[in-house]
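Q: What follows is a protein structure lacking sequence information:
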Ligand code: AMP
Ligand code: MG
């Protein structure tokens, strides 16, 4: 499955089929054509068999040295015309001006293996400098590339909208951060890697024609229903687009909050127009539940603390709304489209939490604020926060308790047993009202045993830095089916060790 460092005798050929009407067809205002900068001794550390199969990439090709070279940017995939795109954005609440793909080089848009209408943009992250690198070196270090690779695929396995990762290649070339590290390249994939910041860029420069061209492209390729949604959205397909993005963003945020994922750098240039989780930097899955948790060492004000995330997404949608406003024309329509975010988030979050609690789904169109489960969820989250209960383990044990009807192992997680008993009573009363036992099967499928906690990532990073990528691949395999038991790796489902609290993750990557 994985390539060795020695080149295979006969490299397998793979002829990618590229989409002719991809982002690059928008023209030179949107991108700069350029070549990746090679890295020495490139080696494939791991790849996603699942994504490779979807893209129709032969396993034999992936095992070849040609694949390691091409997925590092040392040779070009046949037919690829690489480029970097330009975008701008708000970073930490402040307008940052022009940014752009500073170290991500797009290879092009691949046609999906089974559905040629569907494309997959392939991008090499860490493949060398571009005109948008500013003072950066265009590289990514092995440490952060392992985190991006593992988390992209782990989020996908959790059913959370995300960019994907096809491959992770490494090189011994030095990369200078706080200390000297080594280089790596992740081949990132998504139907589109367009960000809110792409729209902000042309709006800020008053490039109306390009702004409209970009919006039309996104509507035609990814939101075709918005084209004819004009009458409902007061004459504007662009208002319909904004509303659709708001709803997808709400969906993504609901997933983050339900699973306990903290992104860490929700700048508007890190927000996907398709509502995908993108740019895995200082992210963290919560250990003890704490809405105030800040996972990014560089975020001194806690702007991107776990509990702030839903509000920040809404703030970012305002940035997008401001950018699209000249196309929409009517202020009321712009605001109404953004406002779709709030109820959509509440509904999506309530639905996910009901699943985690093993409750039947709410009937369509019912008001979740009047739903008694909403109060039970709210009380639970308060209790988990006040006791800093391990979030993932709580849900795993609650699922197991639902199957066995013994809640002792859950109670053991709390210091204040009577507070726990009070909550359990309200949960059981709710179940009685609904006339149902908790759906243990649904709970098992909704509460992952394995998430990419910081200390797990750290362990496999240290091994890979020392030359052993086997633990990385094992962790990848476990995270690919996170709801299963994996008895051989039960320690990865356990409490974090004391040293986990001292791991410091910053924007440096
Ligand atoms: P991020 O904080 O990763 O979202 O990156 C913000 C901006 O900085 C984007 O334009 C990135 O392309 C750019 N950037 C981050 N790291 C580097 C680097 N090592 N070299 C060049 N550009 C970078
Ligand atoms: Mg970014």
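A: Received the coordinates, thanks. Because the structure is predicted, anything quoted here is derived from the model rather than measured. Ligands and ions are numbered 1, 2, ... in the order given.

Q: Can you give me the neighbour number for residue 311?
A: 13 (other C-beta atoms under 10 Å). All C-beta spots, glycine's among them, are computed from the backbone N, C-alpha and C.

Q: Tell me how far it lies from residue 318.
A: Distance check for residue 311 against residue 318: by C-beta to C-beta, to the nearest Å, it reads 11 Å.

Q: got the phi/psi numbers for residue 18?
A: phi -100, psi 150 (degrees, to the nearest 10).

Q: So which bits of stretch 346-360 are buried?
A: Neighbour counts over stretch 346-360 (16 or more other C-beta atoms under 10 Å) mark 346-359 as buried.

Q: got the residues you listed as CSV, with distance to residue 167 and pLDDT columns?
A: Listed next are the buried residues of stretch 346-360 as CSV, based on distance: C-beta to C-beta, whole Å; pLDDT from 0 to 100:
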residue, distance to residue 167, pLDDT
346, 38, 97
347, 37, 96
348, 32, 97
349, 34, 98
350, 38, 96
351, 34, 96
352, 31, 98
353, 35, 98
354, 37, 97
355, 33, 98
356, 33, 98
357, 38, 98
358, 38, 97
359, 40, 96
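
Q: Narrow those to those in helices?
A: Those of these mapping onto helices are 346, 347, 348, 349, 350, 351, 352, 353, 354, 355, 356, per DSSP state H.

Q: how close does the last one get to residue 406?
A: Just to be clear, that refers to residue 356. Noted for residue 356: a distance of 19 Å to residue 406, by C-beta to C-beta.

Q: With residue 102 instead?
A: Distance from residue 102 to residue 406, by C-beta to C-beta: 54 Å.

Q: which of these two has more neighbours?
A: Ranked by neighbour count (other C-beta under 10 Å), residue 102 and residue 406 place residue 102 first, with 16 against 10.

Q: My read is that residue 217 contacts residue 23, right?
A: Yes. With contact defined as C-beta atoms under 8 Å, residue 217 reaches residue 23; the gap is 7.4 Å.

Q: Of the two, which one has the most company?
A: Taking neighbours as other C-beta under 10 Å, residue 217 and residue 23 compare with residue 23 leading, 23 against 18.

Q: quick one, what contacts that one?
A: 30, 31, 85, 106, 109, 121, 192, 194, 217 (C-beta atoms under 8 Å, 6 or more residues apart in numbering).

Q: ok, and the closest non-adjacent residue to the last one?
A: Computed as C-beta to C-beta, 6 or more residues apart in numbering, the closest residue to residue 217 that is not its neighbour in sequence is residue 26, at 6.0 Å.

Q: Ligand 2 contacts on this structure?
A: 270, 279 (C-beta under 5 Å from the ion).

Q: Just want the most central residue of the chain.
A: The chain has residue 277 as the residue nearest its centroid, 2.6 Å off, counting by C-alpha atoms, centre = their mean.

Q: pLDDT on the strand ranked longest in the chain, on average?
A: Longest strand of the chain, by residue count under DSSP state E: strand 164-176. Averaging pLDDT along strand 164-176 yields 98.

Q: does ligand 1 sit close to it?
A: No. Using C-beta under 6 Å from any ligand atom, no contact is recorded between strand 164-176 and ligand 1, whose separation bottoms out at 8.1 Å.

Q: So residue 306 is in contact with residue 287, correct?
A: No. If you go by C-beta under 8 Å, residue 306 and residue 287 don't touch, sitting 11.4 Å apart.

Q: what's the following helix or strand after whichever strand or helix holds residue 187?
A: Following DSSP states H and E, one finds residue 187 within strand 180-190. Going down the chain from strand 180-190, the next helix or strand is helix 196-204, by DSSP H and E.

Q: Quick check: what element follows the longest helix along the chain along the chain?
A: Ranked by number of residues, the top helix in the chain under DSSP H is helix 237-259. With elements assigned by DSSP H and E, the helix or strand that comes after helix 237-259 is strand 261-262.

Q: So what's the residue count around the residue nearest to residue 35 when sequence neighbours are not counted?
A: With C-beta to C-beta, 6+ apart as the criterion, residue 35 has its nearest non-adjacent residue at 6.2 Å, and that residue is residue 82. By the other C-beta under 10 Å criterion, the neighbourhood of residue 82 contains 23 residues.

Q: Could you do the one 4 residues further on as well?
A: As a burial measure, residue 86 scores 19 neighbours (other C-beta under 10 Å).

Q: can you pull the contacts of residue 290?
A: For residue 290, counting by C-beta under 8 Å, 6+ apart, the contacting residues are 306, 385, 388.

Q: Check what pLDDT it gets.
A: 98.

Q: just residue 458 next, same as before
A: pLDDT, residue 458: 97.

Q: That one and residue 504 touch, don't they?
A: No. Counting by C-beta under 8 Å, residue 458 stays clear of residue 504, with 10.6 Å between them.
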